[in-house]
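# Here's a sequence, model it:
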Amino acid sequence: MHILISNRSDTPIYQQIVDAIRQDIINGTLAEGDALPSIRMLAKDLSVSVITTKKAYELLEAQGYIQTQPQKGSVVSRRSAQLAKEHKQSAMEQHILDAIDISKELQLNQNAFLELVSELYREV
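Presented below is the predicted three-dimensional model:
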């Protein structure tokens, strides 16, 4: 697992950690059951406070992406695959909404839009 953080970013460091780990889960780099580094180890690797990594792990756990077991550490949760799928579907829906907005700007009717989508879907 490779996490890049920026002290110059407006995004808090704990959120950068959350975003990086969540993205690794969503894109399949981390899979169900994969172990995450301990809170202390990650803090040391990133040269940040243990409190910062603890907060990131707590947020990921609250969101359902990881599970933390006492004496065993944190692992990618069983629900992570479903959450990743939901995240991707939500992103797809937003792209479709953006495409619909553009089609309306171009004054394409619904049939022309759907025909274009069908044609592109067949080509891919």
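# can we go C-alpha only for contacts and neighbour counts from here?
OK.
# For stretch 25-41, measure first residue to last.
19 Å (CA to CA, to the nearest Å).
# for stretch 64-74, same thing?
Across stretch 64-74, first to last residue, CA to CA, it's 12 Å.
# Then stretch 42-59?
15 Å.
# now do stretch 26-45
The straight-line separation of the ends of stretch 26-45 (CA to CA) is 23 Å.
# ok, residues contacting that stretch?
Contacts of stretch 26-45 with the rest of the structure, by CA atoms under 8 Å, 6 or more residues apart in numbering, involve 24-25, 49-50, 52-54, 57, 73-78, 80-81, 83-85, 87-88.
# separation between M41 and S49?
From M41 to S49 the distance is 11 Å (CA to CA).
# residue ranges for the strands of the chain, please.
Listed in chain order, the strands of the chain (DSSP state E) span 66-69, 73-76.
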